[in-house]
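# can't give you the sequence, but here's the structure:
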């Protein structure tokens, strides 16, 4: 049962994978899929496995790690963007309020009121 699949088929190759290796990898993949579906980390490398299977597992672990890092960076960028949008809205509101005060000082009450109405659009965002 532990014979190489390629040896059974009568071929020669540098790829030497046993049925046991494939079973271990398939079991690990099932656990990995369930973990990802639950939003959990993927399982550790099964032990003992051949170097070939270890390489497959490590490649998948690296992909999962990259995906997690990309998600973290995206969340940080979105948080940063939201903070900048909030700051921009506050600055625009202050600019409009200062402009309205200037119009009041110049005696242009209607224009000042028009500008104050625009302030509400920035404060509601």
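Structure received. What you see is a predicted model, and the numbers here were worked out from it, not measured in a lab.
# moving C-terminal of the least confident helix or strand in the chain by mean pLDDT, what's the next helix or strand?
Within the chain, no helix or strand scores below helix 5-9, which has a mean of 47 by mean pLDDT, DSSP states H and E. Sequence order places helix 19-37 as the next helix or strand after helix 5-9, per DSSP states H and E.
# just how off-centre is that following helix within its chain?
24 Å (CA atoms, centre = their mean, to the nearest Å).
# Give the buried residues for that helix.
21, 24, 25, 28, 32 (16 or more other CB atoms under 10 Å). Backbone N, C-alpha and C define where each C-beta goes, glycine included.
# Stretch 86-93 too?
Under the neighbour-count criterion of 16+ other CB under 10 Å, stretch 86-93 has 89, 92, 93 buried.
# In helices, which of those appear?
Counting by DSSP state H, the part of the buried residues of stretch 86-93 found in helices is 89, 92, 93.
# can I get these in CSV with distance to residue 121 and pLDDT?
Below are these laid out as CSV (distance: CB to CB, whole Å; pLDDT from 0 to 100):
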residue, distance to residue 121, pLDDT
89, 9, 90
92, 9, 91
93, 9, 91
